[in-house]
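>>> sequence and predicted structure are below.
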Amino acid sequence: MIYISLFLAFLKIGLFTFGGAYGAIPLIQESVLAHGWMDEEMFSNMIAISESTPGPIMVNAATYVGSSQAGILGAAVATLGVVLPSFAIILVVTALFRGCLKNKKAQAVLRGVKPCLMGVIFATGVFMAVKAVFLADGKVSADPAAAAILGILAAVMAVGKQAGKKEVSPIVLIVLAGGLGSLLYGM
């Protein structure tokens, strides 16, 4: 039954994702492709939509996949699956271990996990950039429009850093990428 498959797939994603949504993208991709719910191009588009819409990426992705596979009930089931582990863990941690996060050993574990998460997020970004620019329909080919958008966004981020700002707002980058996509790919 599709509802059980959606719930269990996103429950697994919710259980084994540590460090936020960007760390979950590889797990979501593996699950969605393994179940045949999307192809790689559709997955990349879904991630772009999930990042561009308000709310956590994992919840948006679960809702999107669930909706595309089984309508509103599928969206609700997949969303419940992805948020249930975090909700339960936070509830237990808050109730039982208020002082745990102040513990030096717990802090050491969290400091050790951060570089790993940064690597996963970086690898995901590189993978998505390479897929957008060089791979189309499983064939190696350059997409000049995607390369131009990627280059312009990178330049905006670099100029923003040089201009004294800490970083360019993700909202500005999303709006700029959407506008460039509309301009270069046509509506």
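Arrived safely, thanks for sending.

>>> and F43, what are its phi and psi?
The phi/psi pair for F43 (degrees, to the nearest 10) reads phi -60, psi -50.

>>> burial of it, as a residue count?
By other C-beta atoms under 10 Å, the residues close to F43 number 20. Where you see a C-beta, it was placed from the backbone N, CA and C, and this is true even at glycine.

>>> do the same with I47
21.

>>> outside of the helix or strand containing P26 itself, list whatever touches it.
Under the criterion of DSSP states H and E, P26 resides in helix 21-35. Helix 21-35 is contacted by residues 5, 9-10, 12-13, 16-17, 38-40, 43, 46-47, 56-58, 61, 65, 117, 120-121, 123-124 when judged by C-beta atoms under 8 Å, 6 or more residues apart in numbering.

>>> buried ones among those?
Using 16 or more other C-beta atoms under 10 Å as the burial test, those include 5, 9-10, 12-13, 17, 38, 43, 46-47, 57-58, 61, 65, 120-121, 124 as buried.

>>> now do the strands in this protein.
Under the criterion DSSP state E, the chain contains strands at 135-136, 139-140.

>>> thinking again about what came up before, restricted to helices, list the contacts of helix 21-35.
Taking DSSP state H, the ones among these that sit in helices are 5, 9-10, 12-13, 16, 40, 43, 46-47, 57-58, 61, 65, 117, 120-121, 123-124.

>>> show me how the record splits this structure into domains.
With domains defined by automatic domain parsing, the chain comprises 2-133, 143-187.

>>> out of those domains, which one sits most buried?
Highest mean neighbour count of those: domain 2-133, a mean of 16 (counted as mean count of other C-beta atoms under 10 Å).

>>> avg pLDDT for that domain?
Mean pLDDT, domain 2-133: 85.

>>> starting at the chain centroid, how far to that domain?
Centroid separation for domain 2-133 versus its chain: 7 Å, with C-alpha atoms, centre = their mean, to the nearest Å.

>>> give me the distance between the two termini of that domain.
Terminal residues of domain 2-133 are spaced 34 Å apart (C-alpha to C-alpha, to the nearest Å).

>>> contacts only, for G66.
So G66 contacts L6, F10, G74, A75, A76, V77, A78, T79 (C-beta under 8 Å, 6+ apart).

>>> do G186 as well
With contact set as C-beta under 8 Å, 6+ apart, G186 has no partners.

>>> give me that answer again for 10 Å
Counting by C-beta atoms under 10 Å, 6 or more residues apart in numbering, G186 makes contact with A145.

>>> from L180, how far out is it?
According to C-beta to C-beta, to the nearest Å, G186 stands 12 Å off from L180.

>>> mind listing the shared neighbours of the two?
A145.

>>> I'd assumed G14 was in contact with F87.
Yes. Checked against C-beta atoms under 10 Å, the pair F87 and G14 is within contact range at 9.0 Å.

>>> quickly list what's touching both of the two.
Residues touching both F87 and G14 (C-beta under 10 Å, 6+ apart) are L80.
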